[in-house]
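Asks: Any chance you can model this:
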Amino acid sequence: MDVAVLGGGNGAYAAAVDITLRGARVRYWRRDREALGPVRDAGGIILKDYEGERLVPIAAVESDLGAAVRGADLIVSPSPAFAQADLARALAPHLSDGQVIFLPPGTFGSVLMVRVLREAGCTADIAIAETGTLPWLCRKHGPAKIAITTRATRLPTGVFPKRLEAHAFARLDAAFPGAIEPIEDALSAALMNAGPIIHPPLIIMNAGPIEHFPHWDIHNEGTQPAIRRVTDALDAERVAVREALGYGAPHFPLADHYSADGDEWMYGNLAHEKLTDSGDWRERLVLTSHRYMREDVALGLSFIVSMGAFVGVETPVAAGLLAIGSAICGEDFRVTGRPLSAVLPDIASRDALAALLTEGF
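Replies: Model prediction:
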């Protein structure tokens, strides 16, 4: 299977090495041509995980997006949600019928990207899948090195449009064997995204230490009981929105991520302890530009709040965090973020939304 991996972040590096190790021929692309040099010079990416450290050769390192994606069976893009529209425009001339794109996670980016592709003139009949989290807890340790702390064992995943889900899941199962858990549709998957639940309380309620200390671990000393109580309340709002839309359990409550004896969460048990023990998340954080703020607060929370309004579910914790994040950054994320109206400006009813999720545009 030919797989294109797009992006220059932690997730893209992890995807390139792990999918290679699972037997696929990976074409790795990132926009920054100069940054490709260390990977090309090394002949691949150095992987550090529980098995030790070794070089994983990558089949093709591409600076040309078209060369990377043309004919690829699967395209994996772990890039931030705020990059999805631009990526869709760049992909539009190169896609063909039957291709599958995977967004881990997506923030309803599956629907947004197909809409943007159509607006850009792309008529290819493709499927875009999104899931609840990045399939790896990972951090780059250099320009050609990735450290993977743990891998996801359960990835609740939905496909847009739903009519193509059997085809899409066959491709995804080959790249992530045993981890993909099919769920209702792409909206259900968007409301499984853990980022807008775990990260907004951490980035906002740790704002003082983040701006004061040169390095701060929001997952270690930044995760205190008061913050966890806010996280649980925020997660309850997400689940209430899911239930109002008719989506059933399992809802993958975030509390299971922190519990050693709860149901297995997306990364399995003890994942939080592995994360904090690694020390990789003790880092310099720029509060107003960090991905947790610009993706999970601005886009993720604005989406949850708008979906609550769409189905008549109050989301006061999400709305409050969204308002505080807006004040910190000096802009109104309800407008500049990703409310439902920004993705689907013409959707007026739940029946119309359900039909779109199944059939596509």
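Asks: make it CA atoms for all contacts and neighbour counts henceforth
Replies: Fine.
Asks: all strands of the chain, in order?
Replies: 2-6, 25-29, 44-49, 52-57, 60-62, 74-76, 100-103, 127-131, 136-142, 145-151, 155-160, 180-182 (DSSP state E).
Asks: list the buried ones in the last one?
Replies: Translated: strand 180-182. Using 16 or more other Cα atoms under 10 Å as the test for burial, strand 180-182 gives 180, 182.
Asks: Which secondary structure elements does that strand sit against?
Replies: In terms of contacts (3 or more Cα pairs under 8 Å, 6 or more residues apart in numbering; DSSP states H and E), strand 180-182 is packed against strand 155-160, helix 165-175.
Asks: wait, which of these is closest to residue 61?
Replies: helix 165-175 (18.6 Å; Cα to Cα).
Asks: between that closest one and strand 155-160, how big is the angle?
Replies: Per axes from the mean of the first three to the mean of the last three Cα atoms, to 10 degrees, the angle that helix 165-175 makes with strand 155-160 is 140 degrees.
Asks: ok, and for helix 165-175, which residues are buried?
Replies: 165, 168-169, 171-172, 174-175.
Asks: if I look at the residue minimising distance to the centre of the chain, how far off is residue 345?
Replies: In the chain, the residue lying closest to the centroid (Cα atoms, centre = their mean) is residue 105, at 2.1 Å. According to Cα to Cα, to the nearest Å, residue 105 stands 22 Å off from residue 345.
Asks: ok so, going back, mean pLDDT and distance to residue 288 added to the helices and strands packed on strand 180-182, as JSON lines?
Replies: Shown next, in JSON lines, are those (pLDDT from 0 to 100; distance: least, Cα to Cα, whole Å):
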{"stretch": "strand 155-160", "mean pLDDT": "98", "distance to residue 288": "29"}
{"stretch": "helix 165-175", "mean pLDDT": "98", "distance to residue 288": "34"}
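Asks: Throw these into CSV and include distance to residue 232, thanks.
Replies: What follows is these, written out as CSV (distance: least, Cα to Cα, whole Å):
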stretch, distance to residue 232
strand 155-160, 20
helix 165-175, 31
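Asks: To residue 351, which of the strands of the chain lies closest?
Replies: Comparing the strands of the chain under Cα to Cα, the one sitting nearest is strand 155-160, at 16.1 Å.
Asks: Just checking: what are the partner strands of the closest one?
Replies: strand 127-131 (antiparallel), strand 180-182 (parallel) (DSSP bridges).
Asks: Mind putting these into JSON lines with distance to residue 43 and mean pLDDT?
Replies: Output for the strands paired with strand 155-160, formatted as JSON lines (distance: least, Cα to Cα, whole Å; pLDDT from 0 to 100):
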{"stretch": "strand 127-131", "distance to residue 43": "30", "mean pLDDT": "98"}
{"stretch": "strand 180-182", "distance to residue 43": "30", "mean pLDDT": "98"}
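Asks: Count the residues that sit near residue 359.
Replies: 12 (other Cα atoms under 10 Å).
Asks: try residue 246
Replies: 11.
Asks: cool, and residue 347?
Replies: Per other Cα under 10 Å, the neighbour tally for residue 347 reads 13.
Asks: of all the strands paired with strand 155-160, which lies closest to residue 196?
Replies: strand 127-131 (13.1 Å).
Asks: Residue 111: what's its closest spatial neighbour, skipping adjacent residues?
Replies: residue 160 (6.6 Å; Cα to Cα, 6 or more residues apart in numbering).
Asks: how close does the one you found sit to residue 341?
Replies: Where residue 341 is concerned, residue 160 sits at a distance of 18 Å (Cα to Cα).
Asks: Might you report the residue contacts of residue 359?
Replies: 161-163 (Cα atoms under 8 Å, 6 or more residues apart in numbering).
Asks: just residue 305 next, same as before
Replies: 315, 318-319, 339.
Asks: From these, pick the one nearest residue 201.
Replies: Within these, the smallest distance to residue 201 is 9.5 Å, found for residue 318 (Cα to Cα).
Asks: Now do residue 169 against residue 157, distance only.
Replies: 9 Å.
Asks: Name the residues contacting each of the two.
Replies: Common neighbours of residue 169 and residue 157 (Cα under 8 Å, 6+ apart) are 180, 182.
Asks: Tell me how many other residues surround residue 117.
Replies: When neighbours are counted by other Cα under 10 Å, residue 117 comes out with 23.
Asks: what's near enough to touch it?
Replies: Applying Cα under 8 Å, 6+ apart, the residues contacting residue 117 are 88-89, 91-92, 123.
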